[in-house]
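Peer 1: model the structure of this input:
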Amino acid sequence: MKASLLCGLAVVLGLAAVPALAHHSFAAEYDGQKPVTMTGTVTKVEWMNPHARFYIDVKDESGKVTNWELELGSPNGLMRRGWTRHSMKEGDVVTVNGSLAKDGSNLANARTVKLADGKSLFAGSASETGEAKAGQ
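Peer 2: Predicted structure coming up:
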């Protein structure tokens with residue numbers, strides 16, 4: 001009986017650790033030495049934990065459109081910085097400053113987002129908090 005109780009407790013504790021393993025550090029996924037600035041049209045906004053995300057269509061010099069995924073901080077962190085879930089909508093044109101993904105994919109960690117009305121919002125990303133510098 002005691003052994004099965006300990007085994008069950010071990011399983012529960014192991015499962016509780018899974019979400020912690022899924023979280024990544026800035027330095028594991030993004031390169032702080034590869035800053036990027038891009039302007040595009042918002043195609044999707046995902047306001048959920050652990051990181052809010054949004055997607056923009058960016059047109060290059062030749063007219064080719066590429067969809068980029070931008071990672072933000074947590075929704076709670078964004079709200080403390082003045083964001084609401086309606087700060088950005090599909091169709092809005094935004095300018096993003098951030099850091100590119102290490103793997104070369106169309107992914108970046110946003111540091112600031114300038115909205116069409118000229119308002120700039122800090123993205124609550126790890127690169128702002130010092131995690132990026134500590135992890136490099």
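Peer 1: stretch 79-98: end-to-end distance?
Peer 2: End-to-end distance of stretch 79-98 (C-alpha to C-alpha, to the nearest Å): 19 Å.
Peer 1: try stretch 43-55
Peer 2: End-to-end distance of stretch 43-55 (C-alpha to C-alpha): 5 Å.
Peer 1: ok, stretch 99-112 next?
Peer 2: In stretch 99-112, first residue to last residue: 11 Å (C-alpha to C-alpha).
Peer 1: and it, average pLDDT?
Peer 2: For stretch 99-112, the mean per-residue pLDDT is 95.
Peer 1: any buried residues in that stretch, and which?
Peer 2: For stretch 99-112, burial by neighbour count (16 or more other C-beta atoms under 10 Å) applies to 99-101, 107-111. Yep, even glycine has a C-beta here, placed from its N, CA and C like the rest.
Peer 1: for Lys59, grab the count of nearby residues.
Peer 2: Residues within reach of Lys59, counting by other C-beta atoms under 10 Å, total 13.
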